[in-house]
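>>> need a structure here:
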Amino acid sequence: MSVYVTIILAFCLLLLVKETYPRLHSIIYTIYVFLFLTYLVMSIVVPFVSQYFSVVPVALLPVFKLLLFSVLLLFISQIVEELLLDYEYTSLATMFTFTTKAIILLAWLQHMKQFYEKFFSVLGLLS
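This next block holds a predicted model:
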């Protein structure tokens with residue numbers, strides 16, 4: 001409920017700024033989006049996810065953390081991409097999305113390195 005109140009108050013303030021200082025509106029809007037994302041992650045996502053760390057088996061904990069990291073990064077990337085598209089920075093939005101996907105891919109490849117080594121060694125034994 002507090003999230004909705006925050007959104008409504010911010011919307012009212014952004015409308016006030018848009019009417020009084022239209023040049024500052026885009027800057028304040030961008031700052032608000034990043035502050036609100038930080039607020040959501042710190043107040044809702046982190047406490048919600050931390051309670052599940054004790055439920056997840058220890059063997060699956062690294063995969064769970066990496067999966068959570070990937071999902072959060074993709075959600076944040078999507079929000080930032082839409083923000084950049086609103087300001088007509090399409091090439092920057094595309095680069096941001098591509099970079100996010102590359103970071104996630106590299107993180108998963110690094111995590112799966114031991115699996116690939118064992119898999120290819122087994123394939124080497126079969127040939």
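>>> Domain parsing of this structure, as residue ranges.
Per automatic domain parsing, the domain ranges recorded for the chain read 1-55, 57-127.
>>> Show the end-to-end separation of the shortest one, please.
Pointing back at domain 1-55 there. Its first and final residues considered, domain 1-55 spans 27 Å by CA to CA, to the nearest Å.
>>> Scan this structure for its longest helix.
In the chain, with assignment by DSSP state H, the single longest helix is helix 61-86.
>>> could you say what helices and strands that helix packs with?
Using 3 or more CB pairs under 8 Å, 6 or more residues apart in numbering; DSSP states H and E, the elements in contact with helix 61-86 are helix 22-40, helix 46-53, helix 90-111. No exception for glycine: its C-beta is placed from N, CA and C like everyone else's.
>>> where in the protein is pLDDT low?
The model of the chain has pLDDT under 70 over residues 126-127.
>>> Might one say that residue 107 is in contact with residue 67?
No. In this structure, residue 107 is not within contact of residue 67 by CB atoms under 8 Å, at 10.4 Å.
>>> thinking again about what came up before, and the longest helix of the chain, what's buried?
Within helix 61-86, the residues that qualify as buried are 66, 70, 77, 80, 81, 83, 84, counting by 16 or more other CB atoms under 10 Å.
>>> what about residue 12, which helix or strand?
Using DSSP states H and E, residue 12 falls within helix 2-20.
>>> what residues does that helix touch?
Contacts to helix 2-20, defined as CB atoms under 8 Å, 6 or more residues apart in numbering, come from residues 24, 25, 28, 29, 32, 36, 39, 40, 44.
>>> Could you tell me how many residues sit around residue 25?
Per other CB atoms under 10 Å, the neighbour tally for residue 25 reads 16.
>>> ok, now which ones touch it?
Residue 25 is in contact with 14, 17, 18, counting by CB under 8 Å, 6+ apart.
>>> Would you quantify the distance from it to residue 17?
5 Å (CB to CB, to the nearest Å).
>>> likewise residue 104?
For residue 104, the distance to residue 17 equals 35 Å [CB to CB].
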